[in-house]
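Colleague: For reference, the sequence and a predicted model appear below.
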Amino acid sequence: MTILVTGARGHVARSLVQQLLAADPEVKVRAAGRVPEAVRLPVGVELVRADLAEPATLGPALTGAAKVFLYAEQRGLRGFVTEAQAAGVAHIVLLSAAGADPASEDAITRAHGEAEQTVARSGIPWTFLRPGGFATNRLLWADTVRTHGVVHEAFPDSHSSLIHEADIAAVALHALTEPGHHGKAHTLTGPESLTGRRHVELLAEAIGRPLRIEPQSLDDYRRALSRWPPEIVEARIRRIAALVDRPAPVTDTVREVTGHPARSFATWAADHTADFGRSAA
């Protein structure tokens, strides 16, 4: 059986590829990305080019694939689904977002809801993974942590229940390789709700150096997220502001699906010390 993992440069995709290889040597893993030459993956993984914006790249990537792990991206998604139908794909596991709803006023949950709707209407059996906040979003702090030992944060007292990318991948692994997940939407979080301030403390412990928080203006925060569409940035700001001094929801879905509890933020920080390096003296 061949499983196609899209978004090969992404943290979740890379973790999923590694977990698939470890779980079943009989499974053939094919990883797809826009720039495959920039991807480093274990030996034995077939690496192909696929770009949802370039339909001609999709057919070859999907040929022979029984199952697909897919990032929710509206641009080109309909074309991908059409090619998946033609290729006889039997199951799509879609990485969506908590609260996904095509009728939502929130730009983030609306976009993911529309992506889910596109996949569901294809007739291909599906599973939706709906994580809340990604722990990897804290990599936005990496440059200033490495160079100055500083975290610039607009909402240090906002709560989030961030999830480790390896836990998202672990749930995807079970959905792709075990029965019982067709038509299911799994809402995923980390094991606890913590403030950004507490995340900084845990990150400092992991890298073995003190860190300080400096207030960040909303304009600076917007500039830091400028690679995203403005409506997504504004939705993110509203969401984070609403959770100041307010615990974020926590689910136990990771344990229910995989049999092990979700990894803590402290574990994530320890796993990513190389990204944050050592602060300058």
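Modeller: Received the coordinates, thanks. Just so it is clear, the structure is predicted and the values come from calculations on it, not from any experiment.
Colleague: Can you list the neighbours in contact with stretch 115-131?
Modeller: Residues from elsewhere that reach stretch 115-131 (CB atoms under 8 Å, 6 or more residues apart in numbering): 70, 72-74, 77-78, 81, 84-85, 89-100, 102, 112, 163, 168, 171-172, 175, 181-189. (Each C-beta comes from the backbone N, C-alpha and C, glycine too.)
Colleague: Now do residue 268 against residue 111, distance only.
Modeller: Computed with CB to CB, to the nearest Å, the distance linking residue 268 and residue 111 is 25 Å.
Colleague: repeat for residue 199
Modeller: Looking at residue 199 against residue 111, where the rule is CB to CB, the gap reads 26 Å.
Colleague: What of residue 133?
Modeller: Between residue 133 and residue 111 the distance is 16 Å, computed by CB to CB.
Colleague: again with residue 205
Modeller: Residue 205 sits at a distance of 35 Å from residue 111 (criterion: CB to CB).
Colleague: For those two, indicate the residue with more neighbours.
Modeller: Neighbours around residue 205 and residue 111, counted as other CB atoms under 10 Å, are more numerous at residue 111. The numbers are 22 against 14.
Colleague: Doesn't that one belong to a strand?
Modeller: No. Going by DSSP: H, G, I helix; E, B strand; the rest coil, the assignment for residue 111 is helix, not a strand.
Colleague: Quick check: it touching residue 75?
Modeller: No. Applying CB atoms under 8 Å as the test, residue 111 and residue 75 come out as separate, 10.3 Å apart.
Colleague: Now for residue 92, how many residues are close by?
Modeller: Residue 92: 23 surrounding residues under other CB under 10 Å.
Colleague: Now do the one helix or strand it maps to, average pLDDT.
Modeller: Here residue 92 sits within strand 91-95, counting by DSSP states H and E. Along strand 91-95, the predicted local confidence has a mean pLDDT of 98.
Colleague: try stretch 107-123
Modeller: Over the span of stretch 107-123, the pLDDT mean works out to 95.
Colleague: re earlier: weed out the non-buried ones from the contacts of stretch 115-131.
Modeller: If you count burial by 16 or more other CB atoms under 10 Å, the buried members of those come out as 70, 72-73, 77, 81, 84, 89, 91-100, 112, 163, 168, 171-172, 175, 181, 185-189.
Colleague: Those residues in strands, which ones?
Modeller: With strands taken from DSSP state E, the overlap with the buried ones among the contacts of stretch 115-131 comprises 70, 91-95, 185-188.
Colleague: So of these, which two are at opposite extremes in space?
Modeller: Of all pairs drawn from these, the greatest distance, 19.4 Å, lies between 91 and 187 (CB to CB).
Colleague: For this protein, just list every one of the helices.
Modeller: If DSSP state H is used as the criterion, the helices of the chain fall at 11-23, 58-62, 77-87, 107-120, 142-148, 165-177, 196-207, 218-224, 230-242, 253-258, 265-271, 273-276.
Colleague: Same question for the fifth one: list its buried residues.
Modeller: Put plainly, it is helix 142-148. Counting neighbours by 16+ other CB under 10 Å, helix 142-148 gives 142, 144-145 as buried.
Colleague: any idea how far residue 165 is from residue 109?
Modeller: Look at residue 165 and residue 109: by CB to CB, they are 20 Å apart.
Colleague: repeat for residue 99
Modeller: The gap separating residue 99 from residue 109 is 4 Å, by CB to CB.
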